[in-house]
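> return a 3D structure for these sequence lines:
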Amino acid sequence: MLTKVSTRKRNRTIKRFILKSLLVIGFLSVIGGVGLYLFFIESHRPLFISPVSLKTAEIPEDDELVVLKKTLGRNKIEFETITASGSSYIVQLKGGKNVIFSTQKGITEQISSLQFILTRLTMEGKLFRQLDLRFDKPVIRE
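Numbers count the residues shown, from 1 in each chain. Here you go, the predicted structure:
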């Protein structure tokens with residue numbers, strides 16, 4: 001028959017064994033995961049370096065024009081074309097509507113105004129042909 005001391009010692013030994021086993025299993029899992037990750041990265045690398053660039057040559061654009069395109073996209077304003085004309089940008093929206101932006105004013109403020117005006121015109125059921133944001137008060141042509 002086992003005494004209390006030997007039972008405690010046996011339980012302590014079992015707990016230590018379980019803890020060590022869990023640590024070893026965890027360590028091996030981490031090492032195995034890292035090994036698999038590295039294996040798949042290495043297996044997807046090309047065997048040679050191509051002398052031909054994968055990127056197509058891009059036409060350099062004005063920084064403001066890039067900001068205008070990105071901001072229109074971020075604000076979910078769909079457009080067909082953007083044309084730079086002197087001190088303004090002419091943006092043709094879907095449906096043939098034109099919006100004229102000034103290069104002298106902040107693009108983000110003008111796009112905020114455009115969103116507000118579009119929302120108001122939509123709620124009122126009004127259509128427009130051209131919206132000019134170059135001035136202090138926007139000019140709407142129907």
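
> quickly find the element holding Thr119.
Using DSSP states H and E, Thr119 sits within helix 107-124.

> which strands and helices sit next to that helix?
Judged by 3 or more C-beta pairs under 8 Å, 6 or more residues apart in numbering; DSSP states H and E, the packing partners of helix 107-124 are helix 63-74, strand 98-102. From N, CA and C alone the C-beta is placed, and that goes for glycine too.

> could you give me the average pLDDT of it?
Averaged over helix 107-124, pLDDT sits at 88.

> show me the chain divided up by domain.
Here the domain parsing of the chain from automatic domain parsing is 1-45, 63-141.

> chain center to the last one, what's the gap?
It stands for domain 63-141. Relative to the centre of its chain, domain 63-141 is centred 23 Å away, using C-alpha atoms, centre = their mean, to the nearest Å.

> any idea how far apart the tips of it sit?
Length of domain 63-141, first residue to last, C-alpha to C-alpha, to the nearest Å: 29 Å.

> follow-up on the earlier one: just say which of the helices and strands packed on helix 107-124 is most tucked in.
Burial of the helices and strands packed on helix 107-124 is given as mean neighbour count (mean count of other C-beta atoms under 10 Å); strand 98-102 ranks first at a mean of 20.
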